[in-house]
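Trainee: give me the fold of what follows.
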Amino acid sequence: MSSELRLKKLRGSGGYVMASVSDEQQVKGNLGGPDLFLAPIGRLDANKITKHFCNTCEKEFEGPPKIEFENPNEEVAENLVLAERGQYICNSCNASIAEYREFKKPNEGAEVGGAKPLDPNIAPAVEPPTLPKAETTPAPIAETTPAPIAETTQPGSSASVSSIEGRMVVDENANKVGTAKQVGIDGNTQSMVLVITKNDGTEGSIPWASIKKVGEVILLGKPEETVADEPGKCSECGFINKDGSKFCEECGTKV
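Mentor: This is a model prediction of the structure:
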């Protein structure tokens, strides 16, 4: 892989930066589409950034934005440590241009285990509750039934489904894919999904069967059922793609 640096536009939820990046960094920033994103790359050297654009200011500025970060070194799952978290901030209005999280596996040869709960009263995993007949269009669970289904929990668990809002969603390779927004129903499959805000600020959904553990972070894992069960189903994240799709609309994996 070439070590030559190339000037690229790297997008965040609140703007973008123009920076010189290596081929390896471009691979990290590619989430399956034509755009590159800051969040998967992490912290760049400020001297590699030539410009930044702030959506709040609606203006492009010369030079890098402010880069603030901390190193909590917090164990968020078995064999998974949150080593650094930070954000790119507009020099003019202090709005966030992009946020990032960097994770490390203390034992590279071992798999990531269960996520750590927020407190001792929260169970390490949340199973999907039994749902009534859903509406024909996607909608939050709280809007599809008069009862507060969003608060329904697994028997013996004090972790409500609604409590996952705002939690970081991490794939099995320790990469942040987005932030949990709400639980809903897929109008096509009539199945339960987790609605997330992806790294680029757009909205997406993840089949509940693809969630391995729920704790301080939401850890994704490969669904147990085979891909052959449902046409267009992604082998990596379990997302049900449209017929004829060559790449997963969620993670970019070849279908």
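Trainee: hey, let's count contacts and neighbours off CA atoms from now on
Mentor: OK.
Trainee: and the helices in the chain?
Mentor: When assigned using DSSP state H, the helices of the chain occupy the ranges 23-29, 38-41, 141-144.
Trainee: export the longest one as CSV, just CAs?
Mentor: Spelled out, that is helix 23-29. As requested, C-alpha coordinates have been extracted for helix 23-29 and formatted as CSV (Å, rounded to 0.1, in the frame of the first residue of the first chain):
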residue,chain,number,x,y,z
ASP,A,23,-3.9,5.2,1.8
GLU,A,24,-4.3,3.4,5.1
GLN,A,25,-6.2,6.4,6.6
GLN,A,26,-8.4,6.5,3.4
VAL,A,27,-9.3,2.9,3.9
LYS,A,28,-10.4,3.6,7.5
GLY,A,29,-12.4,6.6,6.4
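Trainee: before we move on, back to that, return the most buried member of the helices of the chain.
Mentor: Each of the helices of the chain was given a mean neighbour count from mean count of other Cα atoms under 10 Å, and the largest, a mean of 24, is that of helix 38-41.
Trainee: can you list the neighbours in contact with that one?
Mentor: In this structure, residues lying in contact with helix 38-41 by Cα atoms under 8 Å, 6 or more residues apart in numbering are 10-12, 16, 25-26, 28-29, 98-101, 175-176, 199.
Trainee: where's the nearest residue to residue 9 once chain neighbours are set aside relative to residue 106, distance?
Mentor: Nearest residue to residue 9 in three dimensions, chain neighbours excluded: residue 18, at 4.6 Å (Cα to Cα, 6 or more residues apart in numbering). With distances defined as Cα to Cα, to the nearest Å, the gap from residue 18 to residue 106 amounts to 33 Å.
Trainee: name the residue in the two with the higher neighbour count.
Mentor: Of the pair residue 18 and residue 106, residue 18 is the one with more neighbours under other Cα atoms under 10 Å, namely 19 against 13.
Trainee: hey, what's that one bridged with?
Mentor: Here residue 18 shows beta-bridge partners residue 9, residue 51, assigned using DSSP bridges.
Trainee: coming back round to it: ok, the residue nearest to residue 9 touching residue 54?
Mentor: No: taking Cα atoms under 8 Å as the contact criterion, residue 18 and residue 54 are not neighbours in contact, 12.0 Å apart.
Trainee: if we can go back for a sec, report the lowest-confidence entry in the contacts of helix 38-41.
Mentor: Ranked by pLDDT, the contacts of helix 38-41 bottom out at residue 175, which has 82.
Trainee: my guess is residue 50 meets residue 44, correct?
Mentor: No: the pair residue 50 and residue 44 fails to qualify as a contact (Cα under 8 Å) at a distance of 11.6 Å.
Trainee: count of residues packed around the residue nearest to residue 250 when sequence neighbours are not counted?
Mentor: Among residues not flanking residue 250 along the chain, residue 239 sits closest, at 6.7 Å (Cα to Cα, 6+ apart). Here the neighbour count serves as a burial measure; for residue 239 (other Cα under 10 Å) it reads 23.
Trainee: list the contacts for residue 239?
Mentor: If a contact means Cα under 8 Å, 6+ apart, then residue 239 has 205-207, 233, 248-250 as its contacts.
Trainee: mind putting the helices of the chain into TSV with distance to residue 111?
Mentor: Putting the helices of the chain into TSV (distance: least, Cα to Cα, whole Å) gives the following:
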stretch	distance to residue 111
helix 23-29	20
helix 38-41	20
helix 141-144	33
